[in-house]
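Chemist: Prediction below, plus the sequence it came from.
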Amino acid sequence: MEITSLLVAGHVDAAWICGLPFVQHRANLQLLAVPLYRGAPYYRSFLIASAKDEIEEPEALRGGIHAFSDPESNSGHLVTRAWLAARAETPGSFFGKFFFTYGHRNVIRAVAAGLARSGSVDSYVWEVMRETEPHLIGLTRVVWRSPEMGFPPVAAPRGADPGLTRALQSALVDMPSSPVGRDVLAMLRLDGFSLEGPELFDSIAADWRRVGDAG
Amino acid sequence: MIIRWRPSRWRLSVKVPLLLAILMVIVAAGISKAVLYRLAETQQAHLRELSSAYLEGLATALQPALIRRDPWEAFDVLDRAQNRYSIVQASVALAVQPDGKVLAASHPRLYPIGAEAPAPIGAVPTIPDLNDPAGEVWIRRDLHEAGISLGSVVALVDVTRFQAVRRETLVTLIGFNALFTLLLAVLGWLLVRRALHPLTRLSDLLARSTDGRLATIPVAELPPADTEVGRAYRRYNAAATAVDEREALIKRLAAEERAAVMGRYASALAHEVNNPLGGLFNAVRMIQRYGNDALQREKAVCLIERGLTSIRNVVKASLVLWRSSEDSAVNRSDIEDLRFLVASETERRKLTLEWDNSIEASVPVAAQPVRQIALNLLLNACTASPVGTCVRFRAAPEVDALRLEISDQGSGIPDEPRRQLLDGARTIPTTSGLGIWTVSRLVAELRGEVSLSTDHGTCVTVRLPYHGDASAIASAA
């Protein structure tokens, strides 16, 4: 939230933010580039549970303790709330208890330790951690996958210096062509950056509206 | 070595080490208890300090989470603290809300969010009990802010390592003390053995004494005279020498006694022979004077025959008395002969001799000492008897011993001869009591016993056990 505020206020030139704040502040932000994960600018939200939990349907998570990532997170909060709103439910009515961990990794830790029965987590984070922390990920399993959504983008204030924004865009898009850029992308498990239109985030905007309508 | 359960009879070399070992066990038990008590106190303080530091750190970190009732933040703190405070070895830690419900636990599967705290919060002791049989104790720290309770931090601490240290300490103490006790016991045994060596040697020397003679310790083996052992050995040697001299004296006195007895016998013999001699001379004179008178001559010949018979009996008795076959069994005639040897004494003092000899054949007791004992006692009885009284003699074979009884009607036996008679073998005889002392010595040699009664005179009873087998006794009876 802090980063988003700084970005909207124009105190930073650009930032890698979640899709939800981009949608929320679409009027004040411009899209610079979207990361390419597994060759496409998409990711999903996962509902995860303990690996020992043998449930088949997300409905079976009713009454349990749920861990969200961050109130401003799309995959770690909004998607699950939209999924609940589509069933005329809220976190308070569906889950026995829920809390925020303020980090996708924390959601995975909470579910793996048994603090929460289920959690809402970014598919990109979960997949990357499957490589970096397989023992932790091995304690969880995915119960439900959301449809594909626009990957969290790099955005800039709408009134930013056009020269700077162009330079940033070309630096991001050209990353695969430089050794340093390739190292950074390899570290982030990304394939590169692409220039996409804001309509990529329409589904997130729709979820946001649905949740807002549901109250 | 077999130790019977009679401690007063145990050897010193056993008693002292055993006593040392018992004392050592008591001391060791006391020391061990004190050590373990101090160790427990130190561990308690150590655990208290560790727990306090651990809980204080957790409480500081958990306070915001408890205020906000944020289970994730509380879990994050507890989860990360597990590795950071590994020295405390808390198996589980909990953030508990004021209502006793779990806000978060380091092991959420054991204590889920909202579950009841594992034990009533008030019941969790602030001072952990290290003796908990489960090896785990609960520790607690309450959180307050401006007088408002925020909840508690509770942790289950593994105390098995403290218990293990105490067990190891106990085992070490027991092992060391057992070893030390054993060493002390062995050392005590060696020391006592060494200290008692002179006593043992003296005891052995005394036990080896034969015929009343004691072997002296060679001068070369004597320790310096200014040491206790040196003094003891020298005193022993002096005593051994004195005993030897005493034995020599006793032997000399015995020889003198034999000589004295010989004199008495010679005197008695002369007296016995002299009596018939007077008759014989009378008979000779009768024959010289009235030899032609057949009647007178016949009377004289009868007198001569009686006199010669009397002399022959005396000579025969004397020959038997001094024969050297001491080991031969005493027979009836051995005892009967004694009558002739005391006849002169009884006649001189006009005494009546009541004679009861029940020996029919022989009894397995050495004849010579028996005769000497009986004769000495008879002569003494005659001497002690007033003129005209009666002296009784009785020889009766019993199942396992020959019993001699000699009694008189005298005024009793004085103290000195009485002691000589009853315990003469161990005392130095006085010249006046040689006869009594000889009796006592001979009775001792024959392993017999003497008893004395002084009812209407003196009655000496001598019991001399048989040295042969039962068949000999049966044949004697």
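Modeler: Done, it's in.
Chemist: same for the helix ranked longest in chain B, what does it pack against?
Modeler: When chain B is parsed with DSSP state H, its longest helix is helix B:228-290. For helix B:228-290, the contact count by 3 or more Cβ pairs under 8 Å, 6 or more residues apart in numbering or on different chains; DSSP states H and E identifies helix B:160-207, helix B:294-321, helix B:338-348, helix B:367-384, helix B:434-445 as packing neighbours. The way it works is simple: take the backbone N, C-alpha and C, and place the C-beta from them, glycine included.
Chemist: How is the residue nearest the centre of chain A assigned, secondary-structure-wise?
Modeler: Nearest to the geometric centre of chain A sits residue A:75, at 4.0 Å (Cα atoms, centre = their mean). Three-state call for residue A:75 (DSSP: H, G, I helix; E, B strand; the rest coil): helix.
Chemist: Identify the residue nearest it in space, chain neighbours excluded?
Modeler: Using Cβ to Cβ, 6 or more residues apart in numbering or on different chains and skipping the chain neighbours, the partner closest in space to residue A:75 is residue A:45 (3.7 Å).
Chemist: my guess is the one you found meets residue A:80, correct?
Modeler: Yes - judged on Cβ atoms under 8 Å, residue A:45 makes contact with residue A:80 at a distance of 6.8 Å.
Chemist: between these two, what contacts are shared?
Modeler: The contact sets of residue A:45 and residue A:80 overlap at residue A:120 (Cβ atoms under 8 Å, 6 or more residues apart in numbering or on different chains).
Chemist: Pick out whichever of those two has more residues nearby.
Modeler: Legend: neighbour count by other Cβ atoms under 10 Å in any protein chain shown for residue A:45 and residue A:80, higher for residue A:80 (31 against 26).
Chemist: ok, residue B:305 - contacts?
Modeler: Residue B:305 neighbours (Cβ under 8 Å, 6+ apart): none.
Chemist: Now do the same for it: its pLDDT.
Modeler: At residue B:305, the model reports a pLDDT of 84.
Chemist: what do you get for residue B:342?
Modeler: 82.
Chemist: now what about the lowest-mean-pLDDT helix or strand in chain A, what contacts it?
Modeler: Using mean pLDDT, DSSP states H and E, helix A:2-8 stands out as the lowest-scoring helix or strand of chain A, at a mean of 89. Residues outside helix A:2-8 that contact it (Cβ under 8 Å, 6+ apart): A:12, A:14-15, A:17, A:21, A:24-25, A:28-29, A:72, A:155-157.
Chemist: same thing with stretch B:203-217?
Modeler: Looking at what lies outside stretch B:203-217 - Cβ under 8 Å, 6+ apart - the contacts are B:201, B:233, B:236, B:237, B:239, B:240, B:241, B:243, B:244, B:246, B:247.
Chemist: Between these, identify the one with the most neighbours.
Modeler: In the contacts of stretch B:203-217, the most neighbours by other Cβ under 10 Å go to residue B:233, 22 neighbours.
Chemist: re the thing from before, could you tell me the average pLDDT over the longest helix of chain B, please?
Modeler: pLDDT averaged over helix B:228-290 gives 81.
Chemist: how big is the angle separating that helix from helix B:434-445?
Modeler: Angle, helix B:228-290 to helix B:434-445, by axes from the mean of the first three to the mean of the last three Cα atoms, to 10 degrees: 120 degrees.
Chemist: for helix B:228-290, the distance to its chain's centre please.
Modeler: Mean C-alpha position of helix B:228-290 versus that of the full chain (Cα atoms, centre = their mean, to the nearest Å) differs by 42 Å.
Chemist: Could you do stretch B:172-188 as well?
Modeler: So, by Cα atoms, centre = their mean, the centroid of stretch B:172-188 is 30 Å from its chain's centroid.
Chemist: List the buried residues in it.
Modeler: Residues of stretch B:172-188 classed as buried by neighbour count (16 or more other Cβ atoms under 10 Å in any protein chain shown): B:173, B:177, B:181, B:185, B:188.
Chemist: quick one, what contacts residue B:336?
Modeler: residue B:357.
Chemist: Then residue B:383?
Modeler: By Cβ under 8 Å, 6+ apart, the neighbours of residue B:383 are residue B:345.
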